[in-house]
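Participant: Just to be clear, the model below is a prediction. Sequence and coordinates:
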Amino acid sequence: MNSNMEKPYVVGIDIGGTNTVFGIVDARGTIIASSSIKTSGYPTVEEYADEVCKNLLPLIIANGGVDKIRGIGVGAPNGNYYTGTIEFAPNLPWKGILPLAAMFEERLGIPTALTNDANAAAIGEMTYGAARGMKDFIMITLGTGVGSGIVINGQMVYGHDGFAGELGHVIARREGRVCGCGRKGCLETYCSATGVARTARELLAARTDASLLRNIPAENITSKDVYDAAVQGDKLAQEIFEFTGNILGEALADAIAFSSPEAIVLFGGLAKSGDYIMKPIQKSMEDNLLNIYKGKTKLLVSELKDSDAAVLGASALAWELKDLKE
């Protein structure tokens, strides 16, 4: 009997700025048990790791025990696959380099791998979602920021240091909007959910035409508000999506020139805004492509449910892990 049969499950842990979600996942991508804790509120990362394990262990025991778990996969901001560490994550409460994979291995005796959240999403899409069977694709996550996971020839691209694939920080506009990273004009400042809200505020301030968005205090506008207004036929809201989609399409055309992927998979709330965002992205991407690439790269929306995707993606890392005892 191979160890696959004896160890039918993996664990996925998604570490976000607000919540940490974890689940037990089977080979078909079904989450059979899950739970979560708040990420902050633990003075040290050790106390945090203890708390995750305290909550995770009962789930493992209820599903046949540690011997049934093949491995643990962790998705986290600034996660480094090579070292199993989270390095200088701006939105986590602990500073510096955190050896999280080793901490979970120590506490649970289960082999653990860790990568950044966008790479985890790409691995999830390749294992259970829209990119099944694809060898070359790029995953773009449109959330608070813009993340990306690049797969070339069936392999996640990590680069020499473990940090490759930050398309959210390619410069979309020279001397453009100031980014949280300290540079100017990053794609993330325009095409994240946060960027869409920023565009809304700028347009509303610069223009006088009527818009449903004027009924909301400017500083409270979210990308969801822009979507709701667009659905109701609001011209300004639709224009915000066109502006956003146009910039993202240009950036995707550049990315295609780099790795000629079979598909680009968009993930996150913004990707769910349907034609309002997808049509401008598709048009801008095709308009800006070099001839040899035109019409070849599919633009897809993720097939993974937002709520499950992070845990599924993280868990998919764990199928590749070797037994600690071997």
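Facilitator: Thanks, I have the structure now.
Participant: Show me where the stretch 151-300 of the chain has its strands.
Facilitator: All strands of the stretch 151-300 of the chain, identified by DSSP state E, counting those that start in this stretch, fall at 155-156, 263-267, 298-301.
Participant: what about the spatially most central residue of the chain, which helix or strand?
Facilitator: Taking C-alpha atoms, centre = their mean, the centroid of the chain lies closest to Ala118, which sits 3.4 Å from it. Assessed by DSSP states H and E, Ala118 sits inside helix 117-128.
Participant: Contacts for the helix or strand that that helix is followed by next, please.
Facilitator: Heading C-terminal from helix 117-128, the first helix or strand you meet, by DSSP H and E, is strand 137-142. Under the contact criterion C-beta atoms under 8 Å, 6 or more residues apart in numbering, strand 137-142 has outside partners 117-118, 121-122, 125-126, 131, 146-151, 167, 191-193, 248, 252, 255, 259, 261-271, 302. (Glycine included, C-beta is placed from N, CA and C.)
Participant: If any of those are buried, put those into a ChimeraX selection.
Facilitator: This is the ChimeraX syntax for the buried subset of the contacts of strand 137-142, where burial follows 16 or more other C-beta atoms under 10 Å:
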select :117,118,121,122,125,126,131,146,147,148,149,150,151,167,191,192,193,248,252,255,261,262,263,264,265,266,267,268,269,270,271,302
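Participant: so where's the protein uncertain?
Facilitator: Counting by pLDDT under 70, the chain contains low-confidence ranges at 1-5, 324-326.
Participant: neighbours of the nearest residue to Ala62 once chain neighbours are set aside, just the number please.
Facilitator: Nearest residue to Ala62, sequence neighbours excluded (C-beta to C-beta, 6 or more residues apart in numbering): Ala33, at 6.7 Å. Ala33 has 16 neighbours, counted by other C-beta atoms under 10 Å.
Participant: packing partners for the helix or strand where Ala33 lies?
Facilitator: Ala33 is part of strand 31-38 when elements are defined by DSSP H and E. Applying 3 or more C-beta pairs under 8 Å, 6 or more residues apart in numbering; DSSP states H and E, one finds that strand 31-38 contacts strand 19-26, helix 45-62, helix 306-317.
Participant: before we move on, the earlier item: quick check, the residue nearest to Ala62 in contact with Pro58.
Facilitator: No. Contact criterion C-beta atoms under 8 Å: Ala33 and Pro58 do not qualify, at 9.2 Å.
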